[in-house]
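Using only what follows, build the 3D model:
(one chain, ligands or ions: 1)
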Amino acid sequence: AHPLVRTRYPVLSQALLSGASPQLRNVATTGGNLLQRTRCPYFQDVSHPCNKREPGTGCPARDGVHRDLAVLGHSAHCVATHPSDMAVALAALDARVRLLGPDGARELPLTDFHRLPGDRPEQDTVLRPGELVTEVVLPPPAGTSAYRKARDRASYAFALASVAAVLAVADGRVRHAALAFGGLAHRPWRARAAEEVLRGAPADEETFARAVDAELAAARPLRDNGFKVPLARGLAVRVLTDLAAAS
Ligand code: SF4
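Below is the predicted model of the structure:
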């Protein structure tokens, strides 16, 4: 709610306000938000096997209930999604995470903090034993920004898909673009292929659609979550178009 955050990083305040409930937000912490674990139903239900909870036991979600789970970057071992909204905004803002542990301090881009599942889905982040998140650092804003989230109900629900975008336009062309998706992968998904298409291109809906399609070409939906691809496409094109119109 800080006026500086609202004016300089609207994508961040919008993402935070779209998450959880007021009661939860008011007791939450930045580090806790980054480190929250997946809401995959099998991970939460200890009567089921789950590679993330008990490595080597299997992933029933792959052939089971996976409507809310990943379409990008998943593996044979885990198809979970990361639940944070805030982290998606931070990914688009090029935030950096500062850590402190037994071997001293280190700093890394937020986009390198969360892992894809690979064959170690039990490990959500690169945090080492004994390390703490001490700070999240934001660079100066590189453009106007916005967050949009689609979910099953109007509040207090995790994203089916979400998008965080930062856009700067000069002379009708994209000067800076950063795009990240939530609800689609095991970590906030920074859309580098889309950004490549956007850089220097005309800031119009045709470009935005082409860029988002370039990113989502990598999607590998499961049996019941293919709807997330056009949903994410629509969100991203709309957010970029709105930002361009406001530039
Ligand atoms: S998707 Fe991941 S968290 Fe869910 S059951 Fe499979 S291994 Fe467990």
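
Pull out the buried positions in stretch 222-229.
222, 225, 228-229 (16 or more other C-beta atoms under 10 Å). No exception for glycine: its C-beta is placed from N, CA and C like everyone else's.

Tabulate the residues you listed (CSV), appending pLDDT, distance to the ligand and secondary structure.
Formatted as CSV, these follow (pLDDT from 0 to 100; distance: C-beta to the nearest ligand atom, whole Å; DSSP: H, G, I helix; E, B strand; the rest coil):
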residue, pLDDT, distance to the ligand, secondary structure
222, 98, 10, coil
225, 98, 12, coil
228, 98, 15, helix
229, 98, 18, helix
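
Relative to residue 16, which of these is nearest.
residue 228 (22.5 Å; C-beta to C-beta).

Test my guess that the closest one contacts residue 161.
Yes. Between residue 228 and residue 161 there is a contact under C-beta atoms under 8 Å: 5.1 Å.

Between these two, which contacts overlap?
By C-beta atoms under 8 Å, 6 or more residues apart in numbering, residue 228 and residue 161 have these common neighbours: 183-184.

What is the particular helix or strand that has residue 4 in it packed up against?
According to DSSP states H and E, residue 4 maps onto helix 3-8. Under the contact definition 3 or more C-beta pairs under 8 Å, 6 or more residues apart in numbering; DSSP states H and E, helix 3-8 sits against helix 10-17.

hey, where'd the strands end up in this structure?
96-101, 104-109, 132-137, 144-150, 161-170, 173-182, 189-190 (DSSP state E).

mind putting those in JSON lines, distance to the ligand, mean neighbour count and mean pLDDT included?
Formatted as JSON lines, the strands of the chain follow (distance: least, C-beta to the nearest ligand atom, whole Å; neighbours: other C-beta atoms under 10 Å; pLDDT from 0 to 100):
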{"stretch": "strand 96-101", "distance to the ligand": "23", "mean neighbour count": "18", "mean pLDDT": "98"}
{"stretch": "strand 104-109", "distance to the ligand": "24", "mean neighbour count": "11", "mean pLDDT": "98"}
{"stretch": "strand 132-137", "distance to the ligand": "22", "mean neighbour count": "15", "mean pLDDT": "98"}
{"stretch": "strand 144-150", "distance to the ligand": "21", "mean neighbour count": "22", "mean pLDDT": "98"}
{"stretch": "strand 161-170", "distance to the ligand": "17", "mean neighbour count": "25", "mean pLDDT": "98"}
{"stretch": "strand 173-182", "distance to the ligand": "17", "mean neighbour count": "24", "mean pLDDT": "98"}
{"stretch": "strand 189-190", "distance to the ligand": "16", "mean neighbour count": "26", "mean pLDDT": "98"}
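
And these: which comes nearest residue 22?
The nearest among the strands of the chain, by C-beta to C-beta, is strand 144-150 at 16.3 Å.

In terms of secondary structure, what does that closest one contact?
helix 10-17, helix 86-92, strand 161-170, helix 228-246.

Residue 53: neighbouring residues, count only.
The number of residues packed near residue 53 is 18, by other C-beta atoms under 10 Å.

What of residue 142?
16.

where does the chain come near the ligand, residue by residue?
Residues of the chain found near the ligand (C-beta under 6 Å from any ligand atom) are 38, 40, 42-43, 50-52, 59-61, 69, 78-80, 121.

Model confidence at residue 247, what's the number?
Residue 247 is assigned a pLDDT of 87 by the prediction.

That one: what's it in contact with?
Contacts of residue 247 (C-beta under 8 Å, 6+ apart): 143-144, 167-169, 203.

what's the distance between it and residue 238?
Per C-beta to C-beta, to the nearest Å, residue 247 is found 15 Å from residue 238.
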